[in-house]
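K.L.:
Model the structure of this input:
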Amino acid sequence: MIPHRNWFLCYLGLLILVPFQQKAQGWWDSGHRIIAMIAYAQLPQEQSLQIADTLRKHPRFKEDFVIPDQVDEASRDQWIFTQAAIWPDRIRRTNWDRPQWHYVNLPFYLNEGDPSRLVGKMQVNVQKILPENVSFTTETLNVIQAINLCVTYLKDPQRTPSERAVFLCWLFHLAGDIHQPCHSTAIFSAGRFIEGDRGGNRIPLKRGRNLHRLWDSLLGESRVLDSRVRGRAEKLLSNETWLSHARDTQGVLESARWADESHRLARVVAYHPVILEVLKKSEQTPEEKIPPIALPDSYYDQIGQIAAQRAVQAGFRLARLLEQIELVRDQTVSGR
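P.N.:
As a prediction, the model looks like this:
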């Protein structure tokens, strides 16, 4: 049961902001904007207008949703959707920030004997059920639980429009994060990675700096909603293979299943056999740095395709989830 408190108003009073940190979590800004654009395109117009209107009630709308002059009137609601999707990355290191909400470290053990060797040593939240008595102030949730918290709050008719707006931003963003394989997986080993590899952040590459950063960049690196981002979204929505897959799987709305899908992709694709071979050798000298790993060109071609497919899938699923949430809300309101 989610407690009803005036925590949100108190939170606004206590909020102390610091300058935005540009480094993003999950897909970079362009990726999150693309997913939001895909979701926007799948929603009935009436509902997209309703969601955009709710987002305008965001407690920091005037500060963090400054619509550029070049955005015409007809495109403003779409722009607000895309800005909502990147907002959780734009408030890093503020009282709004929830760093642990962006990921879940489902274990991928490097060696066969690591599970038994790591008993009692791993400190990782892999729970898929939302605990009782949690709220926005609960910082220790993983991405599976955080999405469930967002949905719970958005379905609650007692929540204020400003609360709804904040949780819409988080839902938009986390729906993107959880479809990124490196946000649902971490390598663990009894030697070098007792605390995990931080979703590939500790695996250096010759091309892409590190594994996690490489995957984050696959949907583009633009920080604004420009022609490149729009063009990429249109290209993704013109690929019948990706559209067909998204339509076939859009009914899967459980965040735990989204994480499991990403985890499987990480194990089978993201952590290439070359990476695993280097990591296993490095277990013998855990005090030494891992040398940057060279991956074949075919790997980069493959993961670009997977990232595109996951983005379309995430956009379709986000739209279906928003429809479900709004349906519950409308039924509740009409019954008063």
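
K.L.:
Least confident secondary structure element in the protein?
P.N.:
helix 7-14 (a mean of 38; mean pLDDT, DSSP states H and E).

K.L.:
Who are the packing partners of the lengthiest helix in the chain?
P.N.:
Using DSSP state H, we find that the single longest helix of the chain is helix 297-334. Here helix 297-334 is seen to pack against helix 29-42, helix 45-55, helix 143-155, helix 161-177, helix 211-216, helix 227-236, helix 240-249, helix 255-265 when contacts are counted using 3 or more Cβ pairs under 8 Å, 6 or more residues apart in numbering; DSSP states H and E. Just so you know, the C-beta spots here come from the backbone N, C-alpha and C atoms, and that holds for glycine as well.

K.L.:
Let's have these in TSV, adding mean neighbour count, mean pLDDT and distance to residue 91.
P.N.:
Listed next are the helices and strands packed on helix 297-334 as TSV, based on neighbours: other Cβ atoms under 10 Å; pLDDT from 0 to 100; distance: least, Cβ to Cβ, whole Å:
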stretch	mean neighbour count	mean pLDDT	distance to residue 91
helix 29-42	26	96	13
helix 45-55	16	95	15
helix 143-155	23	97	15
helix 161-177	24	97	9
helix 211-216	24	96	18
helix 227-236	16	90	21
helix 240-249	14	95	29
helix 255-265	20	98	22
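
K.L.:
Take these and write them to a markdown table, including distance to residue 111.
P.N.:
A markdown table is the format used below for the helices and strands packed on helix 297-334 (distance: least, Cβ to Cβ, whole Å):
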| stretch | distance to residue 111 |
| --- | --- |
| helix 29-42 | 33 |
| helix 45-55 | 47 |
| helix 143-155 | 26 |
| helix 161-177 | 28 |
| helix 211-216 | 18 |
| helix 227-236 | 38 |
| helix 240-249 | 33 |
| helix 255-265 | 18 |
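
K.L.:
quick one, which of those helices is nearest to residue 188?
P.N.:
Distances from residue 188 to each of the helices and strands packed on helix 297-334 were compared using Cβ to Cβ; the minimum, 12.9 Å, belongs to helix 255-265.

K.L.:
In terms of pLDDT, where does residue 286 sit?
P.N.:
With respect to pLDDT, residue 286 scores 89.

K.L.:
ditto for the one 4 residues further on
P.N.:
The confidence metric pLDDT takes the value 97 at residue 290.

K.L.:
can you pull the contacts of it?
P.N.:
Neighbouring residues of residue 290 by Cβ atoms under 8 Å, 6 or more residues apart in numbering: 192, 202-204, 278-279, 282.

K.L.:
repeat that with 7 Å
P.N.:
For residue 290, the residues meeting the contact criterion (Cβ atoms under 7 Å, 6 or more residues apart in numbering) are 203-204, 278, 282.

K.L.:
How about residue 147?
P.N.:
Listed by Cβ under 7 Å, 6+ apart, the contact partners of residue 147 are 171, 174-175, 178, 255.

K.L.:
With residue 146 instead?
P.N.:
For residue 146, the contact set (Cβ under 7 Å, 6+ apart) comprises 98, 101, 170, 174.

K.L.:
Quick check: closest non-adjacent residue to the first one.
P.N.:
Setting aside the residues directly before and after it, residue 98 is nearest to residue 139 in space (Cβ to Cβ, 6 or more residues apart in numbering), at 5.6 Å.

K.L.:
give me the low-pLDDT residue ranges for the stretch 1-150 of the chain?
P.N.:
Within the stretch 1-150 of the chain, the segments meeting pLDDT under 70 span 1-26.

K.L.:
what about residue 267, neighbour count?
P.N.:
Other residues near residue 267 come to 15 when the count uses other Cβ atoms under 10 Å.

K.L.:
swap that for residue 95, please
P.N.:
For residue 95, the tally of surrounding residues (other Cβ under 10 Å) stands at 14.

K.L.:
ok but it is inside a strand, no?
P.N.:
No. Under DSSP: H, G, I helix; E, B strand; the rest coil, residue 95 falls outside any strand and is assigned coil.

K.L.:
Now find how far off-centre stretch 206-219 is within its chain.
P.N.:
Shown here is stretch 206-219, whose average C-alpha point lies 16 Å from the average C-alpha point of the whole chain (Cα atoms, centre = their mean, to the nearest Å).

K.L.:
Please report how far the residue nearest to residue 98 lies from residue 149.
P.N.:
The spacing between residue 139 and residue 149, counted by Cβ to Cβ, to the nearest Å, is 12 Å.
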